[in-house]
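Enquirer: can you look at this prediction? I've put the sequence above it.
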Amino acid sequence: MTRAISLHDVSKTYSSKGTRVVDRLSLDIAPGEFLVLLGPSGCGKSTVLRMIAGLEEITEGQLLLDGEYANDLPPAGRDMAMVFQNFALYPNMTSRDNIGFPLRIESPGVDPGGRVDATARMLGIEDLLDRFPGQLSGGERQRVAMGRAIARHPSAFLMDEPLSNLDAKLRNHLRAEISQLTRELGVTTVYVTHDQSEAMSLGDRVAVLRSGVLQQVGTPRAVYALPRNVFVAAFIGTPRINLLRGLVRAPLGGAMTISLGKQFLRLPEPLSLDHQMLRVQQGREVIVGLRSEAVRIAKPAAARPGEVPITGLVEHLEFQGHEVLVHFNTGSQPAVVPDLEAPRPAGRPDRRRRRDSTVLDRLRERAVALRAGSVGVLERPIGTTAAPELAPATEPRLPGDLVVRTTPDIQLRHGMQVPLLVDLAHLFVFDQDGDRICPAPDHVPDLEE
Ligand code: ADP
């Protein structure tokens, strides 16, 4: 019923001279797993999904379904159901006929009524079965579209941003429903989204893509707590991680510090294993990553072990009800990972019509064309010049270089100088290529050897 999906070094190039929009992707998706493909628009997520569905040719590499080579298997032979962003219901069919349609195609002459009713019960849409799509709200239409996928009892669901056309409240609601349904059904699901909070709340594992290259795959907890590089760190988590340009100073016989422009973090002695890894960066620029929970407002005297003091000038306050996000100016330079969400300019290179493309396929192409985007690398390696990078125009920055969460009862005003404590246990440090140095990589060499 449910199946394993494996991609081995899979690449996709659209034209003979074109660049790879998916570049040697390897992923093993276990039977029954809910895997989310996450990345900014244009990074190749839909292309991967379409290659799994058989709607797009695989240029290089292998797709295995339950261990069997499947590159050339026609879409119908793959027994997978797709759910799209744009619902793609037939406007002249009732919900009942929309849900039953694929069943009638699969088994002509067999009345799909029983399965349609059972599916409608599961989704709580029995009352909508006799309505046409034009008589349904966006959320109801998406439920019918889900029903059409579920009724087929496929061995895998492929979902391409199925909730992005819905308003925020409905999105959260349907997100929970999708999660519950797919788990109940135990069917392997590959879910594409550019929304990190959706990915984190849905996925058993999340695979982060950037420019067609897999950056990291892991549980939501792992990609948040141990991002492999600065791109993953910046893409995952709200508010976005604070990324500051730092300089490691490790004088002989003196305390090791990371200078952050006008202030510095003094690393406590004896150095932890993690901080020892920084010694080789002496004199080099690094990127310091501090999630908002790594910094708290408190006086130096209140420091717990592992916390070091800095100060910040309040520049902006964002009241969120249950908490306040405080934007501080600490005199440091933000490090920028540009274009994390930049929309692509209108128009797209020669879209090839495949002979086997279906109506759904073409609808999908149109939807994708409206929302693709590109991904940038670090604007330029830090440390090459002294001039700070300004944030690109595509990512308007709020004031301040450090965002900290606090409770609404703390009274703060613009222009206040506030004492802060940085918890070094939550310190991320990335090298100039953006790779994580601290916390140390998974396999820390045994320094005793
Ligand atoms: P995502 O789903 O992450 O937004 P896509 O997989 O849709 O990204 O697209 C990845 C890249 O491939 C984009 O740069 C896009 O312009 C390009 N692309 C997608 N489809 C085609 C096509 N049919 N012809 C040429 N380029 C394409």
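Expert: Received the coordinates, thanks. Numbers count the residues shown, from 1 in each chain.

Enquirer: can you count the residues close to residue 126?
Expert: Residue 126 is flanked by 13 other residues according to other CB atoms under 10 Å. Every C-beta, even on glycine, is put in place using the N, C-alpha and C of the backbone.

Enquirer: how is the chain carved up into domains?
Expert: The record's domain parsing of the chain by automatic domain parsing lists 5-228, 235-337+382-438.

Enquirer: buried deepest among the ones you listed, which one?
Expert: Each of the domains of the chain was given a mean neighbour count from mean count of other CB atoms under 10 Å, and the largest, a mean of 19, is that of domain 5-228.

Enquirer: quick one, what contacts residue 205?
Expert: Neighbouring residues of residue 205 by CB atoms under 8 Å, 6 or more residues apart in numbering: 33-36, 217-220.

Enquirer: residue 39 touches residue 212, doesn't it?
Expert: No - counting by CB atoms under 8 Å, residue 39 sits too far from residue 212 to count as a contact (9.0 Å).

Enquirer: ok, now which ones touch residue 59?
Expert: So residue 59 contacts 11-13, 20 (CB under 8 Å, 6+ apart).

Enquirer: would JSON lines of these with pLDDT and secondary structure be doable?
Expert: Listed next are these as JSON lines, based on pLDDT from 0 to 100; DSSP: H, G, I helix; E, B strand; the rest coil:
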{"residue": "11", "pLDDT": "97", "secondary structure": "strand"}
{"residue": "12", "pLDDT": "97", "secondary structure": "strand"}
{"residue": "13", "pLDDT": "96", "secondary structure": "strand"}
{"residue": "20", "pLDDT": "93", "secondary structure": "strand"}
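
Enquirer: returning to what we had before: which of the domains of the chain comes out lowest on mean pLDDT?
Expert: Least confidently modelled of the domains of the chain is domain 235-337+382-438, at a mean of 87 by mean pLDDT.

Enquirer: go through the contacts of residue 59 and name the one nearest the ligand.
Expert: Taking CB to the nearest ligand atom as the measure, the ligand sits nearest to residue 12 out of these, at 7.6 Å.

Enquirer: and the spatially closest residue to the closest one that is not a sequence neighbour, which of the three is it?
Expert: Computed as CB to CB, 6 or more residues apart in numbering, the closest residue to residue 12 that is not its neighbour in sequence is residue 22, at 4.1 Å. When classified by DSSP: H, G, I helix; E, B strand; the rest coil, residue 22 comes out as strand.

Enquirer: same check, this time on the one 4 residues further on
Expert: Using three-state DSSP, the three-state assignment for residue 26 comes out as strand.

Enquirer: list the contacts of it.
Expert: Counted by CB under 8 Å, 6+ apart, residue 26 has contacts 7-10, 214.

Enquirer: in strands, which of those residues fall?
Expert: Secondary structure defined by DSSP state E assigns 7-10, 214 of these to strands.

Enquirer: check those and tell me the two furthest apart.
Expert: 8 and 214 (12.3 Å; CB to CB).

Enquirer: ok, the residue nearest to residue 12 touching residue 45?
Expert: No - using CB under 8 Å, residue 22 makes no contact with residue 45, being 9.2 Å away.

Enquirer: who touches both of those two?
Expert: With the criterion set as CB under 8 Å, 6+ apart, the contacts of residue 22 and residue 45 do not overlap.

Enquirer: what's the span of stretch 222-241, first residue to last?
Expert: Start to finish, the residues bounding stretch 222-241 are 15 Å apart (CA to CA, to the nearest Å).

Enquirer: tell me if that stretch is near the ligand.
Expert: No - counting by CB under 6 Å from any ligand atom, the ligand has no neighbours in stretch 222-241; the shortest distance is 12.6 Å.

Enquirer: of the contacts of residue 205, list those near the ligand.
Expert: Okay, of the contacts of residue 205, nothing touches the ligand (CB under 6 Å from any ligand atom).

Enquirer: remind me, longest strand of this structure?
Expert: strand 307-319.

Enquirer: for that strand, which outside residues touch it?
Expert: 260, 263, 265-268, 299-300, 303, 324-330, 398-400, 402, 404, 408, 412-424.

Enquirer: what's the offset of that strand from the middle of its chain?
Expert: 28 Å (CA atoms, centre = their mean, to the nearest Å).

Enquirer: ok, residue 230 - contacts?
Expert: 243, 287, 289, 335, 337, 378, 430, 434-436.

Enquirer: what residues are up against residue 257?
Expert: 248-249, 264-267.

Enquirer: identify the farthest-apart pair in the residues you listed.
Expert: So, the contacts of residue 257 by CB to CB: farthest apart are 248 and 266, at 12.1 Å.

Enquirer: identify the contacts common to these two.
Expert: Shared contacts of residue 248 and residue 266, defined by CB under 8 Å, 6+ apart, are found at 256-257.

Enquirer: nearest to the ligand: which residue in the stretch 151-300 of the chain?
Expert: Residue of the stretch 151-300 of the chain nearest the ligand, by CB to the nearest ligand atom: residue 192 (6.1 Å).

Enquirer: was I right about that residue contacting residue 43?
Expert: No - the criterion here is CB under 8 Å, and residue 192 misses it with residue 43 at 10.2 Å.
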